[in-house]
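**Student:** mind looking at a prediction? Sequence and model below.
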Amino acid sequence: MELFDVYSLYDIEPVKGSGSKVFTADGTEYLDLYGGHAVISIGHSHPRYVKAIADQVAKLGFYSNSVHNGLQKELAKRLGKACGYDNYSLFLCNSGAEANENALKLASFATGRSKVLAFDKAFHGRTFGAVAATDNPKIRAPFNETDHVVFAPLNDLEATKKLLDTKEFAAVIVEGIQGVAGIRMVSDSFLKDLRKLCDETGTLLVLDEIQSGYGRSGLFFAHQYAGVKADLITCAKGIANGFPMGAVLISPDIEARKGMLGTTFGGSHLACAAALAVLDVMEEENLVENTSEVGTYLIERLNEIAAAHPDKIKEVRGRGLMIGIELVGSGPEMRKRLLFGSHIFTGGAGEHTVRLLPALSLTKEDADKFLKEFELQLQDF
């Protein structure tokens, strides 16, 4: 048997990691500025994280959600305090797509409505409901097509208002920052107006913070820059630093009923131990503050480089350590140059954008290394 061939792979295999570095079997070192799609939040193989998982699996790795799990309760309390949503409830699952599925289901239960409003170029996952709310026909099978999801242009208040005024929508789902679309910013003013529109029309506001959350933007959640609160917030990616986990933060206005949601593996003892270790490290090492500081520095320096090379760089976008560099030329070609010429992992988004999603512990020294290599690769690009 062979693997189902759906991924385009670079001919590189990292076998170990440390902080913002990964290494191949022959000892070659690579600077990791992608973190496996924004998953590595506290750095590779952090000793605190490794010990937490090892200690937990030696005691109890898993039992079902038919019994009490004190680690889940501890995680709910700690996460609420860390993000400022301490009066919300927590539902734990296994992935970002699953988190979005459950959030949209909860919105439909709560409102009795069936429609969802999403935005152009959105990405919310690959499972049935999540992919239906994803603006990419290439990954939606005929089985996923539905009239229940309507798309509006991002940051277009009038188009959004016209749709929501029908009072047919259970939820609006929007990313804190659109990641797969190329680090596309949702304006703070639009989010504020969207919150108001949802209140006026009885629509629930779902903030997909799967990529932009957990400190990635320089605040715990990217939507907090706008000073708004969501009814439902979805998390995954950096929540457990690579251990599969997703979560939904749920407003106290949404009533829980036994059996309305469920999961076999969600919130397992191992997953919770990993997630608690992530919060420990984030707090002890001030990683949200580091993200803001190093991210601001990176964006400022990249804008200086862009100003010096207007024929090669169209725009730099982002907040914190969620950065998109839109090139005039090929994004995939620049990624290859950085990987094979400079030993730096970066991410992509479309034809022209290089995406940076490093660990929140990225140092200024490693940021400088990237900036130097990026300028070198840009010279004959």
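**Tutor:** Sure thing, it's come through.
**Student:** what backbone torsions are found at Lys229?
**Tutor:** Dihedral angles of Lys229 (phi, psi; degrees, to the nearest 10) stand at phi -120, psi 140.
**Student:** is it true that Gln56 touches Ala271?
**Tutor:** No - look at Gln56 against Ala271 with Cβ atoms under 8 Å: they stay out of range, at 9.5 Å. In this view, the C-beta of every residue, glycine as well, is placed from N, C-alpha and C.
**Student:** looking at these two, which one has more neighbours?
**Tutor:** Ala271 (28 against 20; other Cβ atoms under 10 Å).
**Student:** packing partners of the strand or helix carrying the more buried one?
**Tutor:** Assigned by DSSP states H and E, Ala271 belongs to helix 269-284. On a contact count with 3 or more Cβ pairs under 8 Å, 6 or more residues apart in numbering; DSSP states H and E, helix 269-284 meets helix 47-59, helix 70-83.
**Student:** cutoff 10 Å now
**Tutor:** The contact analysis (3 or more Cβ pairs under 10 Å, 6 or more residues apart in numbering; DSSP states H and E) places helix 269-284 against helix 47-59, helix 70-83, strand 89-93, strand 246-250, helix 287-308.
**Student:** could you pull up the mean pLDDT of the third one?
**Tutor:** For strand 89-93, mean pLDDT rounds to 98.
**Student:** buried residues, it. List them.
**Tutor:** Burial within strand 89-93, assessed by neighbour count using 16 or more other Cβ atoms under 10 Å, is assigned to Leu90, Phe91, Leu92, Cys93.
**Student:** any idea which of those residues is closest to Asn100?
**Tutor:** Cys93 (9.8 Å; Cβ to Cβ).
**Student:** how much space separates the closest one from Gln56?
**Tutor:** As judged by Cβ to Cβ, to the nearest Å, Cys93 and Gln56 stand 19 Å apart.
**Student:** again, but for Leu191
**Tutor:** Separation of Leu191 from Gln56 (Cβ to Cβ): 37 Å.
**Student:** hang on, the earlier thing: could I have the helix holding Ala271 exported to PDB, CA atoms only?
**Tutor:** C-alpha atoms of helix 269-284 as PDB (Å, rounded to 0.1, in the frame of the first residue of the first chain):
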ATOM      1  CA  HIS A 269      -6.000  13.500  28.700                       C
ATOM      2  CA  LEU A 270      -3.000  13.700  26.400                       C
ATOM      3  CA  ALA A 271      -4.400  16.600  24.400                       C
ATOM      4  CA  CYS A 272      -5.300  18.600  27.500                       C
ATOM      5  CA  ALA A 273      -1.800  18.000  29.000                       C
ATOM      6  CA  ALA A 274      -0.300  19.300  25.800                       C
ATOM      7  CA  ALA A 275      -2.600  22.300  25.700                       C
ATOM      8  CA  LEU A 276      -1.900  23.200  29.400                       C
ATOM      9  CA  ALA A 277       1.800  23.000  28.700                       C
ATOM     10  CA  VAL A 278       1.300  25.500  25.800                       C
ATOM     11  CA  LEU A 279      -0.400  27.900  28.100                       C
ATOM     12  CA  ASP A 280       2.300  27.500  30.800                       C
ATOM     13  CA  VAL A 281       5.000  28.300  28.300                       C
ATOM     14  CA  MET A 282       3.100  31.200  26.700                       C
ATOM     15  CA  GLU A 283       2.600  32.800  30.100                       C
ATOM     16  CA  GLU A 284       6.100  32.100  31.600                       C
END
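**Student:** could you give the mean pLDDT of that helix?
**Tutor:** Helix 269-284 shows a mean pLDDT of 98.
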